[in-house]
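> using only what follows, build the 3D model:
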Amino acid sequence: MIRSADIREWRNHEVVDPKGRKIGMLEAVYVDTATDEPAVATIRTGLPTRQRLVFVPLDEAVLGPGYVRVSHAKGEVRKAPSIGTDDVLPAEQEETIFRHYGLQYKRGIGGERKLARR
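Below you'll find the predicted structure:
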């Protein structure tokens, strides 16, 4: 796993799928609030006049020179939950991201959010 200290360096890197197909540009990284480890990234996709941010888990992500390779196929990522480029992820939408990728979602002990943007 990529170290959380490197997060600031990931921004504006190309994000590619396991086959090397470009998905978009990395916009932001969300960390797991319980561990402070990178959990999910937003990727800027779409046409220049109609862009959106889609979410992708960073499990098994690999950082290369100028790119981040994720473990999910381009088609799956493009169909993932998204927000507008100026929007903020609502707490109620966190679970839909995990469900889309078949991952377990569990809020914090006090019911707090699972994800925090870095």
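
> and the helices in this structure?
7-10, 74-78, 94-100 (DSSP state H).

> nearest to residue 55, out of those?
helix 94-100 (4.6 Å; Cβ to Cβ). Any C-beta I mention is one placed from the backbone N, CA and C, and that applies to glycine too.

> packing partners of that closest one?
Contacts defined by 3 or more Cβ pairs under 8 Å, 6 or more residues apart in numbering; DSSP states H and E place helix 94-100 against strand 50-57.

> same for the strand it packs on, what does it pack against?
strand 22-32, strand 38-47, helix 74-78, strand 82-84, helix 94-100.

> okay, now residue 11: neighbour count?
13 (other Cβ atoms under 10 Å).

> so that it lines up with my notes, have the first residue be 51 from now on.
Noted, 51 is the first residue going forward, which turns the last one into residue 61.

> give me every residue that touches the spatially closest residue to it that is not a sequence neighbour.
If the residues on either side of it in the chain are set aside, residue 61 comes closest to residue 76, at 6.0 Å by Cβ to Cβ, 6 or more residues apart in numbering. Residue 76 makes contacts with 60, 61, 62, 63, 64, 65, 91, 92, 93, 94, 118, as judged by Cβ atoms under 8 Å, 6 or more residues apart in numbering.

> run the last query once more with 10 Å
Residue 76 makes contacts with 57, 60-65, 91-94, 106, 108, 111, 117-118, 120, as judged by Cβ atoms under 10 Å, 6 or more residues apart in numbering.

> for those residues, which PyMOL command selects only the ones that are buried?
Selection of buried members from the contacts of residue 76 for PyMOL, criterion 16 or more other Cβ atoms under 10 Å:
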select buried, resi 57+60+63+65+91+92+93+94+106+108+111+117+118+120
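
> show me the contacts for the residue most central in space within the chain.
In the chain, the centroid-proximal residue (Cα atoms, centre = their mean) is residue 91; its distance is 1.8 Å. Residues near residue 91 by Cβ under 10 Å, 6+ apart: 57, 60-61, 63, 65, 76-80, 103-108, 111, 118, 120, 127.

> so residue 95 makes contact with residue 125?
No: the criterion here is Cβ atoms under 10 Å, and residue 95 misses it with residue 125 at 11.9 Å.
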